[in-house]
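Chemist: Have a look at this prediction, sequence included:
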Amino acid sequence: MILLAELLGEHLELEKLGARLLDVVNVRVPDAAKVAALRWELCRAFVDHWGREDQLIYDRLLASGDAEAVAAAWEFRREFGALREEMRLYVTEWPVDRIAREWEAFRDHTFALRDRIDARRAQEESVLYTHARRVIGRRAA
């Protein structure tokens, strides 16, 4: 299923960007400007990916009529709203000057958010994409 392969490829790219951000954050002396630039790149990539995922997966599952897939899509979409808000706050509440002033707190926030994103990605791949393979793949056959 090509669309899932593309989305899984995007997951890998997002994982690489996230690892780069952790490398930059995993130091004792901040380079807040570098962090901010990389964080912006990562957030843009997430927004692009989430838009594609919404169109290619959520909308199709919700329209499928498959009760189990519809329920999963609604739950993932609801959780997605919370994660999107968390990402928005991560950017808006941490301007460059605050990152520099409160480096340890920013680092902690970054690591916690990364853990949340990793858990979300794993759930998408094991639950949501399984429904997509079953429902969307069945319709394509």
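Modeler: On my side now, so go ahead.

Chemist: where do the helices sit along the protein?
Modeler: Taking DSSP state H, the helices of the chain run over residues 2-25, 32-53, 59-63, 67-92, 96-101, 103-123, 129-140.

Chemist: Quickly, which of these bottoms out on average pLDDT?
Modeler: Least confident of those, judged by mean pLDDT, is helix 129-140 with a mean of 81.

Chemist: what's it packed up against?
Modeler: helix 2-25, helix 59-63, helix 67-92 (3 or more C-beta pairs under 8 Å, 6 or more residues apart in numbering; DSSP states H and E). No exception for glycine: its C-beta is placed from N, CA and C like everyone else's.

Chemist: Let me have these in JSON lines, extended by mean neighbour count and distance to Arg101.
Modeler: As requested, these are arranged in JSON lines below (neighbours: other C-beta atoms under 10 Å; distance: least, C-beta to C-beta, whole Å):
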{"stretch": "helix 2-25", "mean neighbour count": "15", "distance to Arg101": "15"}
{"stretch": "helix 59-63", "mean neighbour count": "17", "distance to Arg101": "42"}
{"stretch": "helix 67-92", "mean neighbour count": "14", "distance to Arg101": "16"}
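
Chemist: Determine which of these approaches Arg114 most closely.
Modeler: Arg114 lies closest to helix 2-25 among the helices and strands packed on helix 129-140, at 5.6 Å (C-beta to C-beta).

Chemist: so how far is the closest one off the chain centroid?
Modeler: On the basis of C-alpha atoms, centre = their mean, to the nearest Å, helix 2-25 sits 9 Å off its chain's mean C-alpha point.

Chemist: Spell out which residues sit in contact with the closest residue to His109 other than its chain neighbours, please.
Modeler: Leaving out its chain neighbours, the residue that sits closest to His109 by C-beta to C-beta, 6 or more residues apart in numbering is Tyr90, at 6.7 Å. By C-beta atoms under 8 Å, 6 or more residues apart in numbering, the contact list for Tyr90 reads Arg39, Cys43, His109, Thr110, Leu113.

Chemist: Kindly report the same for Arg60.
Modeler: Counted by C-beta under 8 Å, 6+ apart, Arg60 has contacts Ala132, Val135, Ile136.
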